[in-house]
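K.L.:
Build the 3D model from these lines:
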Amino acid sequence: MFLPGLPNDAEDEMARERRLEARDFRSARQWRWIFAGGWVVLAAWGVCVLAGWPGTGLILVPVGIFMILGSGIQLLLERL
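P.N.:
Okay, here's the model as predicted:
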């Protein structure tokens, strides 16, 4: 917690922009693998449906959807 009389660089908009410009987003590619993995899991569920295996959607669909949502949240948090 900062004292009220001291300036807080973390709240300074210019400092935030400098930190954002200094970050290298090329190294943060994990969210893309998670996003692609989510679609692979959903595609695997589609194959199981076509093969006639009931019940696989109870596990595969939530896992795939939350992987896709999680990658979007991770990307959002990296950009803040």
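K.L.:
Can you dump the C-alpha atoms of the helix or strand bottoming out on mean pLDDT in the chain in CSV for me?
P.N.:
Every helix and strand of the chain was ranked by mean pLDDT, DSSP states H and E. The lowest is helix 13-22, at a mean of 75. This file holds the C-alpha atoms of helix 13-22, laid out as CSV (Å, rounded to 0.1, in the frame of the first residue of the first chain):
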residue,chain,number,x,y,z
GLU,A,13,-0.8,5.9,-17.4
MET,A,14,2.4,6.9,-19.1
ALA,A,15,4.4,4.3,-17.0
ARG,A,16,1.8,1.6,-17.9
GLU,A,17,2.1,2.4,-21.6
ARG,A,18,6.0,2.3,-21.4
ARG,A,19,5.7,-1.2,-19.7
LEU,A,20,3.3,-2.3,-22.4
GLU,A,21,5.5,-1.2,-25.3
ALA,A,22,8.6,-2.8,-23.6
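K.L.:
Which strands and helices lie in contact with it?
P.N.:
Judged by 3 or more C-beta pairs under 8 Å, 6 or more residues apart in numbering; DSSP states H and E, helix 13-22 is in contact with no other helix or strand. Heads up, the C-betas are built off the backbone N, CA and C, glycines and all.
K.L.:
can you give me how far it is from the chain middle?
P.N.:
Taking C-alpha atoms, centre = their mean, to the nearest Å, one finds the center of helix 13-22 at 21 Å from the center of the full chain.
K.L.:
ends of stretch 17-36, how far apart?
P.N.:
30 Å (C-alpha to C-alpha, to the nearest Å).
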